[in-house]
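# Based on what follows, work out the 3D shape:
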Amino acid sequence: MFKQQNDTIAGRAPVPTADDVALVAPRFVQECAASDSASGNVGVIGILPAGCTPALPLIVDSTGLGGAAALSIGLLNAGGTDLSADASDGGGPWAADVAVGAAGAAQIAPTAALLAVQKTGHDRLIAVKFTAAGSAAGTLGLTVAYRSPV
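Okay, the predicted model is just below:
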């Protein structure tokens, strides 16, 4: 887990929600210590509100977490230890091995897993899992567009 929770996860900032079919695209920001990007580390970065499903591409940005840092993105599993493989959560990671070692931003095309997420009656935690270690502290951003399906 991350050493420090961001404002959304800690409850200091509200989670935007969508009405009807309106899209909401919040950018969740996480300050990472160098140790946060250890290979295999899973950290919560955002919330997918109850009744909402992701839509459109993801946008990942970072100030550069050093080395060959890369991560996968999805929903946190029920045990809080890994990305979910449940069918209602998309069946697997929404994106895999996204490079975040160097500073920059990348648009990640929608995947079958991202588009297979089903609405639920409860909030779910959006998480990242480092698949390759980084070597520096930095800022990680994730923009997730979501909607409330009718």
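# Now the element after the lowest-mean-pLDDT helix or strand in the chain, going C-ward?
Here the helix or strand of the chain ranked lowest by mean pLDDT, DSSP states H and E is strand 23-24, holding a mean of 86. Counting by DSSP states H and E, the next helix or strand C-terminal to strand 23-24 is strand 27-32.
# which helices and strands does the helix or strand following that next one pack with?
Note on strand 27-32: by DSSP H and E, the next helix or strand toward the C-terminus is strand 42-48. Other helices and strands packing on strand 42-48, by 3 or more Cβ pairs under 8 Å, 6 or more residues apart in numbering; DSSP states H and E, are helix 7-10, strand 27-32, strand 124-132, strand 138-143. (Glycine included, C-beta is placed from N, CA and C.)
# so for strand 42-48, what's the average pLDDT?
The average pLDDT within strand 42-48 is 97.
# Please work out the average pLDDT along the following helix or strand past it.
Where DSSP H and E defines the elements, the next helix or strand beyond strand 42-48 is strand 53-54. Across strand 53-54, the average pLDDT comes to 94.
# try stretch 129-149
94.
# Then stretch 82-102?
97.
# For that stretch, which residues meet the burial criterion?
Using 16 or more other Cβ atoms under 10 Å as the test for burial, stretch 82-102 gives 82-84, 89-90, 92-96, 98-101.
# That's all I had, so thanks and see you.
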